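A.B. asks: Structure of the sequence below:
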Amino acid sequence: MPTALLLGPTGLVGSYLLPLLLDAPEYERVIVLSRRPLETRHPKLTLLVRELADVERASDQLQADDIFSCLGTTIRLAKTQEAFKAVDYDGPLRVAALQKDRANKRFFVITSLGAELRSSFFYARVKAELERDLGLQGFKKVFIARPSLLLGQRRETRPAELLSELGTMPLVPLMRGPWRKYRPIQAQTVAENLLRLARGLEAREGMEWALA
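C.D. replies: As a prediction, the model looks like this:
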């Protein structure tokens, strides 16, 4: 039976996706790469505590059939653009490059609505670069989830996202048809959609996704 690998299990989406993967009968084993120990215990769970910059030394332990990347930070938390890119871009690609027999594997990644290589926004450019370069890794399929503003209980406070949420919520009833994808979306819904894509189902309305 297939093995799943989850990157970013303590983040907003990753914390919802982990129990879904553990409960999914499709996966015999769920490998989790985390910077810190988890409280979760499960017979299917294999926890690997390691920094992203050190994953090459654990190559054999990171082999999986389906890789789910929920890695993500902000410039405010990372402090510099270089540190931000080390998580959001370098992290997923480091793990992708370690995968053997990639032509038989699938990669699922969360980027962002508005990811664009020619964007004037650094964040959007990095997300687009990640999409492009994952598509060049030779995987069987690369599924890209592009959610709008994520809703949910975070471990840390993100003032910019809180202000954006407060400003966006009154406009939600007006976001219909092609504008629906701009509605804020619950992180749990994104996690559920990732598993739906893995099962060969369409993502539920409200989240843009694509194949690289």
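A.B. asks: all contacts plus neighbour counts: C-alpha atoms, from now on.
C.D. replies: Noted.
A.B. asks: Now do the buried residues in whatever helix or strand K85 lives in.
C.D. replies: Using DSSP states H and E, K85 maps to helix 81-85. For helix 81-85, burial by neighbour count (16 or more other C-alpha atoms under 10 Å) applies to 83-85.
A.B. asks: any chance of these in a markdown table, plus pLDDT?
C.D. replies: Putting those into a markdown table (pLDDT from 0 to 100) gives the following:
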| residue | pLDDT |
| --- | --- |
| A83 | 95 |
| F84 | 95 |
| K85 | 96 |
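A.B. asks: and L5, which of the three is it?
C.D. replies: Secondary structure, DSSP: H, G, I helix; E, B strand; the rest coil: L5 is strand.
A.B. asks: List the beta-bridge partners for it.
C.D. replies: Taking DSSP bridges, one finds I31, I67 as the beta-bridge partners of L5.
A.B. asks: Can you check the pLDDT for it?
C.D. replies: pLDDT for L5: 98.
A.B. asks: same question, P170
C.D. replies: pLDDT for P170: 47.
A.B. asks: Please apply the same query to R132.
C.D. replies: In this model, R132 is scored at 98, pLDDT.
A.B. asks: Report whether the expected contact of it with A212 is present.
C.D. replies: Yes. Under the criterion of C-alpha atoms under 8 Å, R132 makes contact with A212 at 6.9 Å.
A.B. asks: can you map out the strands along this protein?
C.D. replies: Along the chain, the segments classed as strands by DSSP state E run 3-7, 29-34, 45-49, 66-69, 106-110, 141-146, 150-151, 185-186, 208-211.
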